[in-house]
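need a structure here:
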Amino acid sequence: MTKFQFTMIILILGIVGGILGLYTYFVAEEKTTSATPPPSIGMSKEKVVEKETYEVLNTHTGEWELKWEEHFDQPELDLSKWIALDEKGLYNNEKQYYIYENVEIANGIASLIAKNEDYEGYAYTSGALSTKNKFSMLYGKLEVRAKFPVGKGLFSAIWMLPAKLEQLPEIDIMEVIGSEPDRVYMVNHWDSGGLKTVHDEAKVDPSKYHNYGIEWEENELRYYIDDELVFRTQKGVPQEEMYLIINLAVGGNWPDDPNSSTIFPSSFDIEHVKVYEKR
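Next up, the predicted model:
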């Protein structure tokens, strides 16, 4: 081996080592799934999956103080905290009409109940909760403990929209379609000249309650299931106050319509909601 060849080998090894070192601090990947990518709940636009590049940040994990909570331990829904929606399905060609009566409170659980019944020209009724004009947050930690139903055409979601009542940005803390009940989607949608999205997914046991949450800081969103970090993004992080929505939709573009195997009534059961702020 000549001196020149030896020098070139050393140089190449040095470059490779540098690249591996940088990987410790930077990650770049495009979030894709084998299923149809989750849509924006609040909009019907073509989405663009953003390539995610993020730097590991110093975070405030573990340094949170409880600010707002709901355990559904009263006999009726606390209307100082919540709105039970009374409206037709507005998004994605959904087939349900949300009515107040389909939100039931019992034994410390809020049940959003989907029923196969005609109402105002819709084939199904269901339940949805919102903190619109009641409570909103800018940054912090949010956790919802819930168990979702299984069945084709059922679409459970925990998500957030701007308090100023615009359609974007949108934080989807969890989305599940009942025909794929072990797959939970976590999504961030925003608009910078067109709807953009980053998303990931995780596996869960649909027969159990799970804690679904986010830690939202100025430069990063972190998504958790049962206190385990499963997705993080620094793309399109919202910089405005947002309110919470929890709903059980039926049918539509993504989950498709129920079939004869879908059980009605079905319920999306919520055990608690907790919001924290930095200490």
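
Ranking helices and strands of the chain by mean pLDDT, which lands last?
strand 26-30 (a mean of 34; mean pLDDT, DSSP states H and E).

doesn't Tyr185 make contact with Glu201?
Yes - under the criterion of CB atoms under 8 Å, Glu201 makes contact with Tyr185 at 5.1 Å. For the C-beta atoms, the positions are set from N, CA and C on the backbone; glycine is no exception.

what's the span of stretch 111-122 from first residue to last?
In stretch 111-122, first residue to last residue: 21 Å (CA to CA, to the nearest Å).

just stretch 203-214 next, same as before
So stretch 203-214: terminal residues 17 Å apart, CA to CA.

try stretch 128-135
Using CA to CA, the end-to-end distance of stretch 128-135 comes to 16 Å.

ok, and for that stretch, which residues are buried?
Residues 128-132, 135 are the ones in stretch 128-135 that count as buried (16 or more other CB atoms under 10 Å).

From the rest of the structure, what touches that stretch?
Stretch 128-135 is contacted by residues 68, 77, 80-85, 98, 103, 110, 112, 161, 163, 165, 243-248, 270, 275 when judged by CB atoms under 8 Å, 6 or more residues apart in numbering.

max-length strand in this structure?
Selection of the longest strand in the chain by residue count, based on DSSP state E, yields strand 266-278.

Partner strands of that strand and their direction?
strand 64-70 (antiparallel), strand 109-114 (antiparallel), strand 140-147 (antiparallel) (DSSP bridges).

Would you mind finding the most buried of those?
Mean neighbours per residue, mean count of other CB atoms under 10 Å, is largest over the strands paired with strand 266-278 for strand 109-114, with a mean of 24.

Could you tell me how far it lies from the centre of the chain?
Relative to its chain's centre, strand 109-114 lies at 18 Å (CA atoms, centre = their mean, to the nearest Å).

Can you tell me the centre-most residue of this structure?
Most central in the chain under CA atoms, centre = their mean is Ile173, positioned 2.0 Å from the mean C-alpha point.

Double-check that that one belongs to a strand.
Yes - counting by DSSP: H, G, I helix; E, B strand; the rest coil, Ile173 falls inside a strand.

That one is in contact with Leu142, isn't it?
Yes - counting by CB under 8 Å, Ile173 touches Leu142, with 7.0 Å between them.

so what sits against both of the two?
160, 213-214.

Contacts only, for the nearest residue to Ala123 once chain neighbours are set aside.
The shortest distance from Ala123 to any non-neighbouring residue, by CB to CB, 6 or more residues apart in numbering, is to Lys95 (5.3 Å). Residues in contact with Lys95 (CB under 8 Å, 6+ apart) are 89, 122-124, 153, 250-252, 257.

Can you flag the buried ones in those?
By 16+ other CB under 10 Å, the contacts of Lys95 give 89, 122, 124, 153, 250-252 as buried.

Return the member of those nearest to Gly236.
Of all those, Gly252 has the smallest distance to Gly236: 24.0 Å, by CB to CB.

who's in contact with that closest one?
89, 91-95, 155.

could you redo the last one with a cut-off of 7 Å?
For Gly252, the contact set (CB atoms under 7 Å, 6 or more residues apart in numbering) comprises 92-95, 155.

Likewise for Glu76?
By CB under 7 Å, 6+ apart, the contact set of Glu76 is Ile105.

follow-up on the earlier one: closest to Gly178 out of the strands paired with strand 266-278?
Among the strands paired with strand 266-278, strand 109-114 sits nearest to Gly178 (CB to CB), with 9.6 Å.

model confidence over the closest one, on average?
Average pLDDT, strand 109-114: 99.

Stretch 157-165 now?
The model assigns stretch 157-165 a mean pLDDT of 96.

how distant is that stretch from the center of its chain?
Stretch 157-165 sits 11 Å away from the centroid of its parent chain (CA atoms, centre = their mean).

buried sites along it?
By neighbour count on 16+ other CB under 10 Å, the buried set for stretch 157-165 is 157-163.
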